[in-house]
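K.L.:
Take this sequence and fold it.
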Amino acid sequence: MGDTTKSAQKRKYIIEKAREVFASKGYKTVTMKDIVDACDISRGGLYLYFGSTAEIFMAVLNSEVDEDDDEAIDRALKNDASAGDMLALFLKEQKKTILKKKNNLTFATYEYFSENRVSPADNPIRTQFETAVRIVERLIENGMESEEFYCEDPMGCARNLMYVIEGLKVTSSTMGITEEMIDRELMYVLKGLVPYEAEY
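P.N.:
Sure, this is the predicted structure:
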């Protein structure tokens, strides 16, 4: 039992250190040596857990999706705040992620997926995206029930909003983006949904 726990802790440590390396250098240029150096372990020690940088990167991405989808949705919706306030909070968190420069995996993620095919069922980015769409859809539906929002297609609106957010993440990593630009794009998407100026 102790060996299993120690092994799990070591694996987790490697994933955490590797995340820092990928966030700093992207995906394509990272070598096993980079990760060995970051973890301060032997090459053999690393190969006990992972066989390649691709394997490590997928473990990093999967560690970001460490909870059950329905649990994440329920937690996001268990709040006494209005649907509008909850949507504003959700967008505020998304905006923080878009603007985050340090420790950001966006660029590495897009480098990885430009080189590797991953089935939809095994794609942690797709899982995160679909969970976020379901959260937004539920918030919109709750807002419709409380007459805060009007929307003919909650799922379509939620999906469109998340596609815009994903695009803004890439734009932030590749071209740079300001907070004002993010606000403008999000408000444009929400115009047909929110009958009042939501602050986020």
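K.L.:
Per the annotation, how does the chain divide into domains?
P.N.:
By the assignment in automatic domain parsing, the chain contains the domains 2-61, 66-190.
K.L.:
worst average pLDDT in the ones you listed?
P.N.:
Note on these: domain 66-190 shows the lowest mean pLDDT, a mean of 84.
K.L.:
How far away from the center of its chain is it?
P.N.:
The chain centroid and the centroid of domain 66-190 are separated by 8 Å under Cα atoms, centre = their mean, to the nearest Å.
K.L.:
Work out for me the element the residue nearest the centre of the chain sits within.
P.N.:
For the chain, residue 128 is the residue whose C-alpha lies nearest the centre (Cα atoms, centre = their mean; 5.9 Å). Taking DSSP states H and E as the criterion, residue 128 maps to helix 124-145.
K.L.:
which residues sit against that helix?
P.N.:
58, 61-62, 64-65, 69, 72-73, 76-77, 82-84, 86-87, 90, 109, 113, 120, 149-151, 154-155, 157-159, 161-162, 165-166, 193 (Cβ atoms under 8 Å, 6 or more residues apart in numbering). All C-beta spots, glycine's among them, are computed from the backbone N, C-alpha and C.
K.L.:
tell me which residues of the longest helix seen in the chain are tucked away?
P.N.:
Ranked by residue count, the top helix of the chain under DSSP state H comes out as helix 2-25. For helix 2-25, the buried set under the neighbour-count rule, 16 or more other Cβ atoms under 10 Å, comprises 10, 14, 15, 17, 18, 19, 21, 22, 23.
K.L.:
Which helix or strand lies directly C-terminal to it?
P.N.:
helix 32-39.
K.L.:
Quick check: which helices or strands does that following helix pack against?
P.N.:
The contact analysis (3 or more Cβ pairs under 8 Å, 6 or more residues apart in numbering; DSSP states H and E) places helix 32-39 against helix 2-25, helix 43-47, helix 53-64.
K.L.:
Does residue 112 touch residue 52 like I think?
P.N.:
No. With contact defined as Cβ atoms under 8 Å, residue 112 does not count as touching residue 52 (11.8 Å).
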